[in-house]
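Asks: what would the 3D arrangement of this be:
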Amino acid sequence: MAQCVTKVELSISCENLIDKDVGSKSDPLCVLLQNVGGDQWAELDRTEKIKNCQKPEFSKKLLIDYYFEKVQKLKFGVYDIDNKSYDLNDDDYLGGVECTLGQIVSSKTLTRPLELKKGKPAGKGNITISAEEIKDTRVVSLDIEAQNLDKKDFLGKSDPFLELYKQSEGGKWQLVYRSEVIKNNLNPCWRKFSVPLQTFCGGDFNKPIKVHCTDYDSDGSHDLIGSFETNLSQLQKAGGSSLVEFECIHPGKKQKKKSYKNSGIVRIKSCKIETDYSFLDYIMGGCQINFTVGIDFTGSNGDPKSPDSLHYISPNGINEYLTAIWSVGNVIQDYDTDKLFPAFGFGAQVPPNWQVSHEFALNFNPNNPYCQGIQGIVDAYRQALPQLRLYGPTNFSPIINHVARFAAQSAQQGTATQYYVLLIITDGEITDLDQTRQAIVNASKLPMSVIIVGVGNADFKAMEFLDGDDGVLRSVTGEPAARDIVQFVPFRQFQKAPREALSQTVLAEVPKQLVSYYKMQGWAPVKLPGAKQE
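Replies: Numbering: from 1, shown residues only. The predicted structure is shown next:
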């Protein structure tokens, strides 16, 4: 079982970034990578992108687990994002810095010059990283609207967004949240949002909070509509039928005009403090993770007897399919008490009547497709391989829907007891993309996650599309996924890396996805840890 570790939250800002865009400023984003051995780096988290800005202060905090006993080598990379793809290789690099988490934690705030490569500075660009340990698991949930805001745009109304700042020890204001922009609206109602209590005010209910209401301009020259100061104890009075109202004051206008009243009213509709449960709270509270494997036996893998086939088992007894099963299964099996894992194949003609099947039991026993432990899956795979005829097409939706049926049954119990993880290993040539999109959107409302490991050297664009990292995945009819449940990893990136690097990257999203499901349902862990019982 993973140790309970300290969570550290990193706030990132940069100054003097080099300009890569012709005619406008860069659109920066910061990515956090951790060294997973040798020169292999795995992405842990990334900030949002800020348009047209050479001095960004990122609103999204980067979360990392801090292990005192490990040297955690980190790399922060700043990129100018010019397209919608999640991959950063096609974006301009604005510079980066390497350091250890220990260095950041011990100096609390670290400012370093950005480098394009070792010893080559990125102009005068620098990055500031400040760290805060997350001790409190409560979150502040806010619902905010505004009325009668000043009109700032010559042709239209204003495009308002909110920024909330807390006052840090030296009196400096630090950004804690930035809302979405609401276009052309003087009476906006922003999306409800939650911020960890510690991020919001360090747990101090009387700590000053400053709220800016600003008119968005696409060139980055945003105009302040107005601002006010408050604190959490004032905000908390909102809820039910009682709203808390603040006058939005523009300091320049107030000085110039005696008759100036305000630039609009910001209304807090509700402010609640809720407990945020962690992945370990759910696991230790009795949640089991059910692991299912789906293996691609379509013709595009090549004849298993031929050494260039992805299913060819080398003289030392392995191939990419087996390595993926071992490395992911070895981690997940610790979270499943019965160690019985259903394993399926798809895309092959199956004996005795050689019908093509898109969900057949790997042990050829449809009534009991369970394998005993990870070794059981490996044995069933080795035995099934010579008995199958690789065929097609490559359909993912039947196996996703199969697991979703079990997830739907356990969701009806209304408790955080069963979560499902489906590992699909494939050469990536998907045929039923539209049906798979629908299956994933349906599954996003259920307690399940889908991990796709792509083997071989195919173009995995469709797989990256299903991993909705660069925006929300939608079904063909436009229905959005309720949450992000797909993680795609190409095996080829890990061929020379240590075995645990693959499982770390593949499983990185599962804890977040599990928590996001139970949070969406409002279900607490079945057995609450002592300290969190209200």
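
Asks: against which helices or strands is the strand or helix carrying Y79 packed?
Replies: Using DSSP states H and E, Y79 sits within strand 73-80. Packing contacts for strand 73-80, counted by 3 or more C-beta pairs under 8 Å, 6 or more residues apart in numbering; DSSP states H and E, involve strand 28-35, strand 92-100, strand 120-134. Any C-beta I mention is one placed from the backbone N, CA and C, and that applies to glycine too.

Asks: that one pairs with which strands?
Replies: Here strand 73-80 has these sheet partners by DSSP bridges: strand 28-35 (antiparallel), strand 92-100 (antiparallel).

Asks: columns distance to Y419 on top of those, output as TSV?
Replies: Putting the strands paired with strand 73-80 into TSV (distance: least, C-beta to C-beta, whole Å) gives the following:
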stretch	distance to Y419
strand 28-35	25
strand 92-100	33
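
Asks: tell me the mean pLDDT for the helix or strand harbouring F465?
Replies: Element membership for F465 (DSSP H and E) is helix 461-466. Here helix 461-466 scores 83 as its mean pLDDT.

Asks: in CSV, list the strands paired with strand 73-80 along with mean pLDDT, distance to S241 and mean neighbour count.
Replies: CSV is the format used below for the strands paired with strand 73-80 (pLDDT from 0 to 100; distance: least, C-beta to C-beta, whole Å; neighbours: other C-beta atoms under 10 Å):
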stretch, mean pLDDT, distance to S241, mean neighbour count
strand 28-35, 96, 41, 22
strand 92-100, 95, 49, 19
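
Asks: which one, of these, ends up nearest to F396?
Replies: strand 28-35 (28.5 Å; C-beta to C-beta).

Asks: next, the angle strand 120-134 makes with that closest one.
Replies: 80 degrees (axes from the mean of the first three to the mean of the last three C-alpha atoms, to 10 degrees).

Asks: contact partners of strand 28-35?
Replies: Contacts to strand 28-35, defined as C-beta atoms under 8 Å, 6 or more residues apart in numbering, come from residues 10, 12, 14, 17, 41-50, 53-54, 56, 58, 62, 64, 72-81, 88, 94, 127.

Asks: low-confidence regions, the protein specifically.
Replies: Residue ranges of the chain with pLDDT under 70: 1-5, 21, 68-69, 468-471, 499, 529-534.

Asks: helices of that one, residue ranges please.
Replies: 101-107, 197-201, 232-235, 251-256, 279-284, 320-332, 373-384, 397-411, 433-443, 461-466, 499-507, 510-521 (DSSP state H).

Asks: just to revisit the earlier point, out of the helices and strands packed on strand 73-80, nearest to R112?
Replies: Using C-beta to C-beta, the nearest of the helices and strands packed on strand 73-80 to R112 is strand 92-100, at 4.5 Å.

Asks: pull the residues that contact the closest one.
Replies: 17-18, 20, 26, 28, 71-80, 82, 110, 112-116, 121-123, 125, 127, 129.

Asks: which among these end up buried?
Replies: 17-18, 20, 26, 28, 72-80, 110, 112, 114, 122, 125, 127, 129 (16 or more other C-beta atoms under 10 Å).

Asks: rewinding a little: could the helices and strands packed on strand 73-80 be laid out in a markdown table, adding distance to C248?
Replies: Shown next, in a markdown table, are those (distance: least, C-beta to C-beta, whole Å):
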| stretch | distance to C248 |
| --- | --- |
| strand 28-35 | 29 |
| strand 92-100 | 34 |
| strand 120-134 | 28 |
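
Asks: go through these and name the closest to V293.
Replies: The nearest among the helices and strands packed on strand 73-80, by C-beta to C-beta, is strand 28-35 at 27.1 Å.
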